[in-house]
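>>> Quick one: sequence and predicted model below, then my questions.
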Amino acid sequence: MTDEQENLVQESPVNLAIDPDVLASELAAELLGDPLDEIDFEGFDPDSLQIAMECESGLTWLKEGHEQRLQGLRVFCEHRDPRALPLLIPLLKEPCPVERMSAVYALGRNPCPRALDLLLNLLKNDCNAYVRKATAWSLGNYPDDLVLQPLINALKNDVSAVRLWASSSLADVVGTSSEKAAKASEQLLISLKIDSEPVVRSNCIWALGRIIENLEESLRTALIDAFFDVLLNDVESSVRDEARIVLEQLGTGIVRTRLQELIDDGVLV
């Protein structure tokens, strides 16, 4: 993946630094930067005693007022603790989008089957794109059959940030199932061909590269042909670069031969 795509795809709510004032302002505008793009990667103290103290404080904060709940949510975007689940799930219904978004991230870090229906409803119906984006990320940690089609629908129909994370999560939820991989690859391939956002097209390539081994031979061949078509014809260099990276990683004899022919012909450097 390119550096730009690695930054976007590998971001997660781990170590999410929540500044309530900043996030509230951004969410109100819904046109500014997304807090998921400003994650603090420094993290908390890894010492086990410190983590235990963080979790104890987080559990207390989740039972208090708005500002304290945000601090508690930050803790459980970083740490896993099953005791937090009964406190996190009700926050998915909070009127404040900052709290809903943060609760979604925390339930991605702390997957809970009891939260699945609520998360699916948020992905489909929440009016706030930040919340839907968070949900698209979190559902990648829920390898349930019910998740696949909603993520496909989000990749087809939602705003670009949600589509980006939906494509990533599709690669996660298919697991080793050839049936799921085939269903996900169908929409990923369509989006690769028609999506207007280069970053989404690039991420579709990345996701397809992850699931291609689970596909039948005919589907793998079709994807390889699609990757070569992108490599030669996509208008964005970042998307072409992503296609080349995935093709080189596949490393089959046929792919290597086709790449070398393009190099010999001066099409590729």
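In hand now; what should we look at?
>>> wait, what's in contact with residue 239?
Residue 239 makes contacts with 198, 201-202, 205, 230, as judged by Cβ atoms under 8 Å, 6 or more residues apart in numbering. Bear in mind the C-beta positions are built from the backbone N, C-alpha and C, glycine included.
>>> SS state for it?
With DSSP: H, G, I helix; E, B strand; the rest coil as the basis, residue 239 sits in helix.
>>> what about it, distance to residue 206?
As judged by Cβ to Cβ, to the nearest Å, residue 239 and residue 206 stand 11 Å apart.
>>> Which SSE is immediately downstream of the helix or strand in which residue 50 is found?
Assigned by DSSP states H and E, residue 50 falls within helix 48-61. Later in the chain than helix 48-61, the nearest helix or strand by DSSP H and E is helix 66-78.
>>> Tell me the helices and strands packed up against that next one.
helix 20-29, helix 48-61, helix 85-88, helix 97-109 (3 or more Cβ pairs under 8 Å, 6 or more residues apart in numbering; DSSP states H and E).
>>> can you give me the angle that helix makes with helix 48-61?
Angle, helix 66-78 to helix 48-61, by axes from the mean of the first three to the mean of the last three Cα atoms, to 10 degrees: 140 degrees.
>>> Quick check: buried residues in helix 66-78?
Of the residues in helix 66-78, 69-78 count as buried by neighbour count, 16 or more other Cβ atoms under 10 Å.
>>> Out of those, which is nearest to residue 258?
Nearest to residue 258 among the buried residues of helix 66-78: residue 77, at 43.6 Å, using Cβ to Cβ.
>>> Check whether the closest one really touches residue 107, as I assumed.
No - contact between residue 77 and residue 107 fails when scored by Cβ atoms under 8 Å: they sit 9.6 Å apart.
>>> quick revisit: just say which of the helices and strands packed on helix 66-78 is most tucked in.
Among the helices and strands packed on helix 66-78, helix 97-109 has the highest mean neighbour count (mean count of other Cβ atoms under 10 Å), at a mean of 27.
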